[in-house]
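Novice: The sequence isn't on hand, but the structure is:
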């Protein structure tokens, strides 16, 4: 009985360690996704491309939003 309980506890510990590892990677992926999206909107805002001022302003707003999400999530996740 003792050995079975030890094996169950060990298996649960391994599952939690794997979950922690996955969560840490998901945090990194999230920050990288936000940076990627900011870069996409930065490319759409490019002044060399012929777009209206409204489109450029919208792209600027989206770029700022994604940059802010990336910055905030990086700060929050670095404390985790």
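Specialist: Cool, got the structure. Computed from a predicted structure; not experimentally measured. Numbering: from 1, shown residues only.
Novice: Could you give the separation of stretch 12-23 from the chain centroid?
Specialist: Mean C-alpha position of stretch 12-23 versus that of the full chain (Cα atoms, centre = their mean, to the nearest Å) differs by 19 Å.
Novice: Please apply the same query to stretch 26-33.
Specialist: For stretch 26-33 - counting by Cα atoms, centre = their mean - the centre lies 2 Å from the chain centre.
Novice: list the buried ones in that stretch?
Specialist: Residues 27, 31 are the ones in stretch 26-33 that count as buried (16 or more other Cβ atoms under 10 Å). C-betas here are computed from N, CA, C, even on glycine.
Novice: out of everything not next to it in sequence, what's closest to the residue nearest the centre of the chain?
Specialist: Geometric centre of the chain, nearest residue: residue 30, 1.1 Å, by Cα atoms, centre = their mean. Spatially, and ignoring its direct neighbours in sequence, residue 30 is nearest to residue 73 (5.8 Å; Cβ to Cβ, 6 or more residues apart in numbering).
Novice: who's in contact with that neighbour?
Specialist: Taking Cβ atoms under 8 Å, 6 or more residues apart in numbering, we find residue 73 in contact with 27, 30-31, 34.
Novice: Identify those among these that sit within helices.
Specialist: Judged by DSSP state H, the contacts of residue 73 include 27, 30-31, 34 as members of helices.
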